[in-house]
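>>> what follows is a predicted structure for the sequence shown.
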Amino acid sequence: MDIQEVILRILNKKEAVVEYQQLKDWKEETAENLKIYQEINKIVEEGSNIKDYKDYNVESGYKRFKEQITPKSKSWMMYAAALLLILAGGYFMLNKNTTTESAVPQEYLAETKVSEFALNDGSSVTLNVGSELRELSDFSKIRNVELKGEAFFDITPDKEKPFRIHLEEGTFVEVLGTSFNIINDGTNMQVVVESGHVELHADGKVISLTKGYAAERVKGSIVKYRKQKDNYLSWKNNTLVYKNTPIATVLTDIGAHFNTELNLSQVILKSDCNLSSTFETKSIDQILSELSKLVQLSYIKKDDGSYSIKDIKCE
């Protein structure tokens with residue numbers, strides 16, 4: 001893996017998902033790697049916010065970067081120099097539409113499939129289908145975005161620049177560096193923390209959430225609770241996992257995952273059949289076919305795309 005090329009592609013917004021994963025793995029290998037990447041980001045911000053790249057002090061920036069790295073990282077000196085020369089020459093852009101005055105805030109839309117991308121601060125975002133993320137700033141001084149739909153965030157720490165995700169009017173989530181899932185689709189509003197710590201600002205209150213906790217709006221009020229491990233990230237992980245789960249719950253969950261109506265008969269709703277299994281979420285037809293073999297599930301697919309689940313024989 002040529003990590004230098006990967007970083008440059010990501011900083012230029014030309015990365016592929018696999019390249020972002022390579023960078024993420026590399027940053028997590030050592031504290032030194034993370035420090036190097038953060039220093040490159042600082043250099044990038046200095047260069048991307050000056051009005052005239054010709055006036056950028058390449059020598060000063062390179063000297064500062066050189067002081068931050070160890071002898072083992074000498075190869076990075078050459079890379080830093082190259083990066084600074086790009087900045088000084090005016091060819092570095094956060095996206096192809098960027099002017100020399102500032103980076104242009106971008107909009108991201110996952111129209112037909114789940115989309116994963118990196119923001120210019122190194123944070124990663126995964127958007128669920130039909131979701132939209134809009135940058136509200138160029139991240140030079142503040143990191144503000146707006147979310148409509150569902151997304152999973154893995155935020156790069158920066159104590160001087162808290163990261164804010166704006167949701168409903170007057171509601172936002174603020175973090176320093178953590179990972180979490182958010183739903184804000186006009187009907188539901190939910191925040192689930194996977195790691196670290198976030199603050200949900202809503203209704204004039206600040207709700208603190210740590211790993212394993214969630215908050216959502218229920219009947220107009222924000223409710224905080226401990227989130228049991230379930231399949232709320234199935235849209236991202238493409239996997240549904242069940243352990244001794246009632247079959248009615250399994251089927252309801254499957255229908256929600258695929259946004260497909262499953263009409264359950266009274267036989268299904270009253271069944272005492274529990275299921276322990278893992279499904280890859282390639283298609284609802286595939287999962288129902290597997291279930292028909294596991295528990296002799298009987299179902300009919302209707303012309304409108306919905307399903308009628310009739311009977312079950314669970315041993």
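Perfect, I can see it now.
>>> C-alpha only now, for contacts and for neighbours.
OK.
>>> residue ranges with poor pLDDT in the stretch 51-200 of the chain?
51-104 (pLDDT under 70).
>>> which residues of it fall in helices?
58-68, 75-89 (DSSP state H, counting those that start in this stretch).
>>> need the phi and psi values for L251.
Main-chain torsions, L251, degrees, to the nearest 10: phi -70, psi -40.
>>> now T156
phi -70, psi 130.
>>> surely it touches V125?
No - at 10.9 Å, T156 does not count as touching V125 under the criterion of C-alpha atoms under 8 Å.
>>> ok, E168 - contacts?
Applying C-alpha atoms under 8 Å, 6 or more residues apart in numbering to E168 gives the contacts N184, G186.
>>> let's see 10 Å
E146, L147, K148, N184, D185, G186, M189, A202 (C-alpha atoms under 10 Å, 6 or more residues apart in numbering).
>>> which among those gets closest to K302?
D185 (27.7 Å; C-alpha to C-alpha).
>>> any idea what the nearest residue to that closest one once chain neighbours are set aside is bridged to?
Once flanking residues are discounted, D185 sits nearest to G149: 4.3 Å by C-alpha to C-alpha, 6 or more residues apart in numbering. Residues in a beta bridge with G149, per DSSP bridges, are N184.
>>> separation between L176 and L209?
Counting by C-alpha to C-alpha, to the nearest Å, the gap between L176 and L209 amounts to 13 Å.
>>> who's more crowded, these two?
L209 (21 against 18; other C-alpha atoms under 10 Å).
>>> intersection of neighbour lists for T156 and V125?
Counting by C-alpha under 10 Å, 6+ apart, the residues touching both T156 and V125 are L119, S179.
>>> count of neighbours near D303?
Neighbours of D303 (other C-alpha under 10 Å): 7.
>>> same check on T112?
Considering only other C-alpha under 10 Å, T112 is surrounded by 10 other residues.
>>> show me what contacts it?
N128, V129, G130, S131.
>>> surely the second one meets Y108?
It stands for V129. No - because the distance of 11.4 Å does not satisfy C-alpha atoms under 10 Å, V129 is recorded as not touching Y108.
>>> between those two, which contacts overlap?
Joint contacts of V129 and Y108 (C-alpha under 10 Å, 6+ apart) are S115.
>>> quick one, phi psi at N33?
Taking degrees, to the nearest 10 as the convention, N33 sits at phi -60, psi -40.
>>> re the thing from before, what's the closest of the contacts of E168 to K301?
Once C-alpha to C-alpha is applied, the member of the contacts of E168 that ends up nearest K301 is D185, at 28.1 Å.
>>> can I assume that closest one is in contact with E146?
No - using C-alpha under 10 Å, D185 is not in contact with E146; the gap is 11.9 Å.
>>> who touches both of these two?
Common neighbours of D185 and E146 (C-alpha under 10 Å, 6+ apart) are E132, L167, E168.
>>> for PyMOL, write a command that selects the buried ones of the contacts of E168.
Listed next is the PyMOL selection for buried residues among the contacts of E168, using 16 or more other C-alpha atoms under 10 Å:
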select buried, resi 146+147+148+184+185+189+202
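>>> which residues touch the residue nearest to D185?
109-110, 127-133, 167, 182-189.
>>> in strands, which of the residues you listed fall?
L109, L127, E132, L133, I182, I183, N184, M189 (DSSP state E).
>>> now these: which count as buried?
L109, L127, E132, L133, I182, I183, N184, M189.
>>> farthest pair within the residues you listed?
Farthest pair in those, by C-alpha to C-alpha: L109 and M189, 18.9 Å.
>>> distance to S195 for the shared contacts of D185 and E146 - can I get that in CSV?
Formatted as CSV, the shared contacts of D185 and E146 follow (distance: C-alpha to C-alpha, whole Å):
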residue, distance to S195
E132, 23
L167, 20
E168, 23
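>>> all strands for the stretch 101-250 of the chain, in order.
Remark: strands assigned in the stretch 101-250 of the chain by DSSP state E, counting those that start in this stretch are 107-109, 115-118, 124-127, 132-135, 143-154, 163-166, 172-175, 179-184, 189-195, 197-202, 205-210, 213-218, 221-226, 239-246.
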